[in-house]
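> Sequence first, then the predicted structure, then my questions.
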Amino acid sequence: MGLARLAGVPTCAAVVILAACGGGAKQSAAPPETARYVGSEACRSCHAETWSTFSRTGMGRSWYPLAGAEIIEDWSGRNTVDVARTGLHYAMFRRGERFFMRQSLVDRGRETAVDERELLWVVGSAHHSRAYLVAWDEKLFQAPVCWFTKDALWDLCPGYEMKNDYFSREIDRTCVFCHNGRMTLRPDSRNAYEDPIPHGINCERCHGPGSLHVARWARGETPTGTGDPAVVNPRRLSTPLRMQICFQCHLGDSKATERVARREVRLEDWRPGQPITDAMVPFRFSETTPHEYGLSAQVDRLLLSRCFTESAGKMECVTCHDPHVTVYRADRGADFFTAKCLGCHDPHACTAPQATRAKTRPPDDCVQCHMRKAEPDDHRHAVFTDHWIRRRIDEPNVPRTRFGVEPYLPDAYAALPPADRAFYTARALSLRAHAVPPENQKSIWPGAEKAFRESIALGLGDPAASFFLGKALSAQGKHREAAEAYAAAYAADPADHDAALAHGQALLRARHLDEAERVLQAAIDLHPEAAGPLAELARARFQRGDVAAALALYRKALRLEPWNASLHENAAMLLSALARHDEAVAEAEEALRFDPESPGVRRSNATIRQRASAAR
């Protein structure tokens, strides 16, 4: 049962056009399934120059250890960030050759709820920003503060100013798919990976797994000029398939685009040379916004451009970009992009006044007038180019008012069975609902509910339809109907963790304790690595009045997720109820450490301290 979503704000991948081993005929498919990923070092000896220039691009520098990296941040002067309304404080500093981020609450000079982590990995080329990763038992999490290059300052990472996840945002498979080379999850893990971890996006992101190609030339075969079908050369692909290599990460406006994972397909199984719709069904809001665009919306915006739509397939990403060479290189000509425009446009067609043109040339005056540069709506302290090429870029900032969705690739969407079309549309609406303000969600959830019901009525046999229908109903407060949907999903696939957890929670809500405990215990037996069923079974034990048993279950859950603030908070309340006050205070402090701004956690902490003080 495929309940995972393809999500997040992807940022780093592009299409590669240089021939790997000479020219040749069109290539129309991905490399053979027997090919394995071997890493970019295997490519270096034969493609030294290309390897060298690519390693200096944003993609080639997308992920690397902080230790030994060039120091561009301020670790000792302007190295703090404060959230005035809550007292949250961050300090970034180094001890010798190691780097740390310290999170705490500060009130009248007193520091509490201290959480200090070593920063291990950098994500980001530093052209615009750097994000940092920390580890807990080899599981990777994002740190909440980033370095922003343009303004040379520390600040909360993109999105954290709206919802701070502190040190608990998991670096899952959908994160690493676009931010690094091929990474393999360890068994039963969401965010721990097999060694060696690649240092940046590499050749195989666009050329596919290279083991058969490397083996062929290691045998000493002589190049024939016809290419090697064991590896993808995007130059030999059709234009749509070549562009869809870029789609895997650059079709991703976080405020407008949803890339819905195909049912029963693993994202990691997609290969360059395959249609992107083999792995995902991309949607966008039907209403476009001329002013707002996202960090990773290059393809999203290009597809809106007349230059693209009226080019009869001539214009594509590589018309202007060679992904093997950074656009920030010092030897790039001042008129580089204008020259690209003049490949199709008559220079005498420009209607800008000569005086204006003289002032703006060089640099690329076509781009200055027809491609807006501004701060993306999902990434502060940076200026990016809006790839919607248009006559006027000074339109007023008009917010989106309609929240329907449409497929990006309508022909591929139309080829799907009707039940699948309804399901993927419903998923797109559901996922988009989580990305808009609460006042706009009310108009989205009914459409998602309707489409999920349609997919079930049309005979979709996947239990995911019932599960996600339950989510849409729950979001609307229709809890009785949601419980029926969760029960249907669980009946169809009792082994699925998400369906079992949702069904168990619904049973608890209805106070059907015997049945809830049976479902949750079965989930624990099937998924011993998961903390959720343990925590819900603890709730059931508490509802029966068995506080000691509930506490024991929370302890087990905490061994699996020691960073989970709600588990610490619940354990603290139970310890307080058992008059184990010192332990309760310690657990409450841990809850505050992992969720320092939560009003609920702060209230629990104060209550538990008051009880402990009164008992002394």
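Nice, thanks for sending it over.
> Rank the helices and strands of this structure by mean pLDDT and give me the bottom one.
Lowest by mean pLDDT, DSSP states H and E among the helices and strands of the chain is helix 354-360, with a mean of 53.
> Pass me the low-pLDDT residue ranges in the stretch 201-350 of the chain, would you?
In the predicted model, the stretch 201-350 of the chain carries pLDDT under 70 at residues 223-225.
> Please apply the same query to the chain.
1-33, 223-225, 354-364.
> According to the record, where do the domains of it fall?
As recorded under automatic domain parsing, the domains making up the chain are 63-171, 463-615.
> distance between the last one and the chain's centre?
Using Cα atoms, centre = their mean, to the nearest Å, we find the averaged C-alpha position of domain 463-615 to lie 26 Å away from the chain's own average C-alpha position.
> Please apply the same query to the first one.
For domain 63-171, the separation from the chain centroid amounts to 19 Å (computed by Cα atoms, centre = their mean).
> the helices in the stretch 301-450 of the chain, which residues?
306-309, 336-341, 354-360, 365-370, 410-414, 418-433, 438-441, 445-457 (DSSP state H, counting those that start in this stretch).
> how about these, which one is nearest residue 579?
helix 438-441 (40.2 Å; Cβ to Cβ). (Each C-beta comes from the backbone N, C-alpha and C, glycine too.)
> Using CSV, write out the CA atom coordinates for the closest one.
Taking Å, rounded to 0.1, in the frame of the first residue of the first chain, the C-alpha atoms of helix 438-441 are listed here in CSV:
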residue,chain,number,x,y,z
PRO,A,438,-6.0,27.8,7.1
GLU,A,439,-8.6,30.2,5.7
ASN,A,440,-8.0,28.9,2.2
GLN,A,441,-8.0,25.2,3.2
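> of all the domains of the chain, which lies closest to residue 306?
domain 63-171 (28.2 Å).
> Need the distance between the two termini of the closest one.
End-to-end span of domain 63-171 (Cα to Cα, to the nearest Å): 13 Å.
> now stretch 384-399
For stretch 384-399, the end-to-end distance is 20 Å (Cα to Cα).
> ditto for stretch 272-283
End residues of stretch 272-283 are separated by 20 Å (Cα to Cα).
> One more: stretch 219-226?
End-to-end distance (Cα to Cα), stretch 219-226: 17 Å.
> Could you do stretch 80-96 as well?
Termini of stretch 80-96 sit 19 Å apart (Cα to Cα).
> Pull out the buried residues from it.
Under the neighbour-count criterion of 16 or more other Cβ atoms under 10 Å, stretch 80-96 has 81, 83, 87, 88, 89, 90, 91, 92 buried.
> which residues touch the residue nearest to residue 304 when sequence neighbours are not counted?
Distances taken as Cβ to Cβ, 6 or more residues apart in numbering place residue 388 nearest to residue 304, at 4.8 Å, with adjacent residues excluded. Neighbouring residues of residue 388 by Cβ atoms under 8 Å, 6 or more residues apart in numbering: 290, 293, 301, 302, 304, 305, 371, 372.
> Between all of the buried residues of stretch 80-96, which two are separated the most?
87 and 92 (17.9 Å).
> what's the most buried one of the domains of the chain?
Sort the domains of the chain by mean neighbour count, taking mean count of other Cβ atoms under 10 Å, and domain 463-615 sits at the top with a mean of 19.
> Tell me how far residue 267 lies from residue 279.
Note on residue 267: its distance to residue 279, by Cβ to Cβ, to the nearest Å, is 6 Å.
> Next up, the contacts around the closest residue to residue 572 other than its chain neighbours.
Nearest residue to residue 572 in three dimensions, chain neighbours excluded: residue 587, at 3.6 Å (Cβ to Cβ, 6+ apart). Contacts for residue 587 (Cβ under 8 Å, 6+ apart) come out as 568, 569, 571, 572, 575.
> In contact with the fourth one, which residues are there?
Residue 572 makes contacts with 584, 585, 586, 587, 588, 590, 591, 604, 605, 608, as judged by Cβ under 8 Å, 6+ apart.
> repeat for the third one
Residues in contact with residue 571, defined by Cβ under 8 Å, 6+ apart, are 551, 554, 555, 558, 587.
> State the distance from it to residue 330.
57 Å.
> Same question for residue 107.
When residue 107 is compared with residue 330 (using Cβ to Cβ), they lie 49 Å apart.
> same question, residue 184
Taken as Cβ to Cβ, the span from residue 184 to residue 330 is 37 Å.
> Pick out whichever of those two has more residues nearby.
Neighbours per residue, other Cβ atoms under 10 Å: of residue 184 and residue 330, the larger number sits with residue 184, 13 against 5.
> What sits closest to the more buried one if chain neighbours are left out?
Once flanking residues are discounted, residue 184 sits nearest to residue 194: 4.4 Å by Cβ to Cβ, 6+ apart.
> thinking the one you found is in contact with residue 182, fair?
No - counting by Cβ atoms under 8 Å, residue 182 is not a contact partner of residue 194; they are 10.2 Å apart.
> Between the two, which is the more surrounded one?
residue 182 (18 against 11).
> residues contacting the more buried one?
Contacts of residue 182 by Cβ under 8 Å, 6+ apart are 37, 39, 198, 202, 204, 205, 209, 268.
> from those residues, which single one is nearest residue 310?
For the contacts of residue 182, the nearest to residue 310 is residue 205 (30.3 Å; Cβ to Cβ).
> Run the chain-centre distance for the host helix or strand of that closest one.
Taking DSSP states H and E as the criterion, residue 205 maps to helix 204-207. Counting by Cα atoms, centre = their mean, helix 204-207 is centred 19 Å from the centre of its parent chain.
> okay, the helix or strand encompassing residue 559 in PDB with CA atoms only?
Under the criterion of DSSP H and E, residue 559 resides in helix 547-560. Extracted in PDB, the C-alpha atoms of helix 547-560 (Å, rounded to 0.1, in the frame of the first residue of the first chain):
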ATOM      1  CA  VAL A 547      -0.900   4.800  34.500                       C
ATOM      2  CA  ALA A 548       2.100   2.500  35.200                       C
ATOM      3  CA  ALA A 549       1.500   0.500  32.000                       C
ATOM      4  CA  ALA A 550       1.000   3.700  30.000                       C
ATOM      5  CA  LEU A 551       4.200   5.100  31.300                       C
ATOM      6  CA  ALA A 552       6.100   1.900  30.400                       C
ATOM      7  CA  LEU A 553       4.800   2.200  26.800                       C
ATOM      8  CA  TYR A 554       5.900   5.900  26.600                       C
ATOM      9  CA  ARG A 555       9.300   4.900  27.700                       C
ATOM     10  CA  LYS A 556       9.500   2.300  24.900                       C
ATOM     11  CA  ALA A 557       8.400   4.900  22.400                       C
ATOM     12  CA  LEU A 558      11.000   7.400  23.700                       C
ATOM     13  CA  ARG A 559      13.800   4.800  23.100                       C
ATOM     14  CA  LEU A 560      12.800   4.900  19.500                       C
END
